[in-house]
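**Q** no sequence for this one, just the structure:
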């Protein structure tokens, strides 16, 4: 059964320096509050995994929490580049960052393989790219039945998966809906999972199209209203579009970034 806990307690127990950590969420339900807590706790040498690293990973990378990024697209949605990400790759600030790049399909298949207990997944993809030549987790494979040349991608089994959702009950069953990405796959593939939610309720009400994660695949549930901001949680909060625009200017400058982190995360009341 999942443990109901405060976010600092859950992350202190779940995430350790050097861990591989997947913070998933697509367009909405992005676990910003959890990422901020990792920064406050001073986590280092993390391998960050995410299909679409955006502002949440720009902040973690700029704060010096990461040594590697495994991803399939990176940018500030609708605005432009991730400047802290670029600074780390191009100039090694605040530390060098290695990258492992995949397609969206490749990342999802890697999670599915990990969740299925398989060593790799097979897909039609990566043809015409140089990713197989520079990425050790991508390899060509021949179908034993048809002889077709396909691509294998190694399974992903993060040490920790962290997601945000709308609701959980007091046993730790988690309910999320709206535009979802690879949250379910990441949780099922990970060795342990931390879920922040808008609210903990006595009983979950059925929602059409909702995903239900049973309590036995979740280790910690933390009630964190607004935990996805500046992204949104369908039915609870709206996306702060202006923040993403403002972030471009903040993240371009190292000193401005450091001041923002101090004012809003590490020294915030």
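**A** Received, thanks. Source: prediction; values computed, not measured.

**Q** please make it C-alpha for all contacts and neighbour counts, starting now.
**A** Fine.

**Q** do you have the strands of this protein handy? List them.
**A** Remark: strands assigned in the chain by DSSP state E are 3-4, 20-23, 46-50, 66-71, 98-101, 120-123, 138-142, 149-154, 160-169, 174-176, 192-201, 211-213, 220-223.

**Q** let me have the ones you listed in JSON lines, adding mean pLDDT and mean neighbour count as columns.
**A** Below are the strands of the chain laid out as JSON lines (pLDDT from 0 to 100; neighbours: other CA atoms under 10 Å):
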{"stretch": "strand 3-4", "mean pLDDT": "96", "mean neighbour count": "18"}
{"stretch": "strand 20-23", "mean pLDDT": "98", "mean neighbour count": "27"}
{"stretch": "strand 46-50", "mean pLDDT": "98", "mean neighbour count": "23"}
{"stretch": "strand 66-71", "mean pLDDT": "98", "mean neighbour count": "22"}
{"stretch": "strand 98-101", "mean pLDDT": "97", "mean neighbour count": "16"}
{"stretch": "strand 120-123", "mean pLDDT": "98", "mean neighbour count": "19"}
{"stretch": "strand 138-142", "mean pLDDT": "96", "mean neighbour count": "16"}
{"stretch": "strand 149-154", "mean pLDDT": "97", "mean neighbour count": "20"}
{"stretch": "strand 160-169", "mean pLDDT": "98", "mean neighbour count": "27"}
{"stretch": "strand 174-176", "mean pLDDT": "98", "mean neighbour count": "24"}
{"stretch": "strand 192-201", "mean pLDDT": "98", "mean neighbour count": "24"}
{"stretch": "strand 211-213", "mean pLDDT": "96", "mean neighbour count": "17"}
{"stretch": "strand 220-223", "mean pLDDT": "98", "mean neighbour count": "26"}
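
**Q** what is the neighbour count of residue 117?
**A** 14 (other CA atoms under 10 Å).

**Q** what about it, distance to residue 144?
**A** Computed as CA to CA, to the nearest Å, the residue 117 to residue 144 distance reads 21 Å.

**Q** okay, now the domains of this structure?
**A** Residue ranges for the domains of the chain, per automatic domain parsing: 3-102+157-266, 120-154.

**Q** so which of these comes closest to residue 110?
**A** Taking CA to CA as the measure, the domains of the chain were each checked against residue 110, and domain 120-154 came out nearest at 6.1 Å.

**Q** give me the distance from the closest one to the chain's centre.
**A** Going by CA atoms, centre = their mean, to the nearest Å, the spacing between the C-alpha centre of domain 120-154 and its chain's C-alpha centre is 24 Å.

**Q** what is the least confident helix or strand in the chain?
**A** The helix or strand of the chain with the poorest confidence is helix 131-134; it has a mean of 93 (mean pLDDT, DSSP states H and E).

**Q** which strands and helices sit next to that one?
**A** Under the contact criterion of 3 or more CA pairs under 8 Å, 6 or more residues apart in numbering; DSSP states H and E, helix 131-134 touches strand 138-142.

**Q** which strands and helices sit next to the strand it packs on?
**A** Contacts of strand 138-142 with other secondary structure elements, assessed using 3+ CA pairs under 8 Å, 6+ apart, are made with helix 131-134, strand 149-154.

**Q** export those to JSON lines and tack on distance to residue 101?
**A** As requested, those are arranged in JSON lines below (distance: least, CA to CA, whole Å):
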{"stretch": "helix 131-134", "distance to residue 101": "7"}
{"stretch": "strand 149-154", "distance to residue 101": "12"}
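
**Q** helices along the stretch 1-150 of the chain, start to end?
**A** Counting by DSSP state H, counting those that start in this stretch, the segments of the stretch 1-150 of the chain that form helices are 7-14, 32-40, 55-62, 83-91, 104-116, 131-134.

**Q** pick the most buried one from these.
**A** Here the criterion is mean neighbour count by mean count of other CA atoms under 10 Å, and of the helices of the stretch 1-150 of the chain the winner is helix 55-62, at a mean of 24.

**Q** thinking again about what came up before, figure out which of the strands of the chain is closest to residue 251.
**A** Ranking these by their distance to residue 251 (criterion: CA to CA) puts strand 66-71 first, at 16.5 Å.
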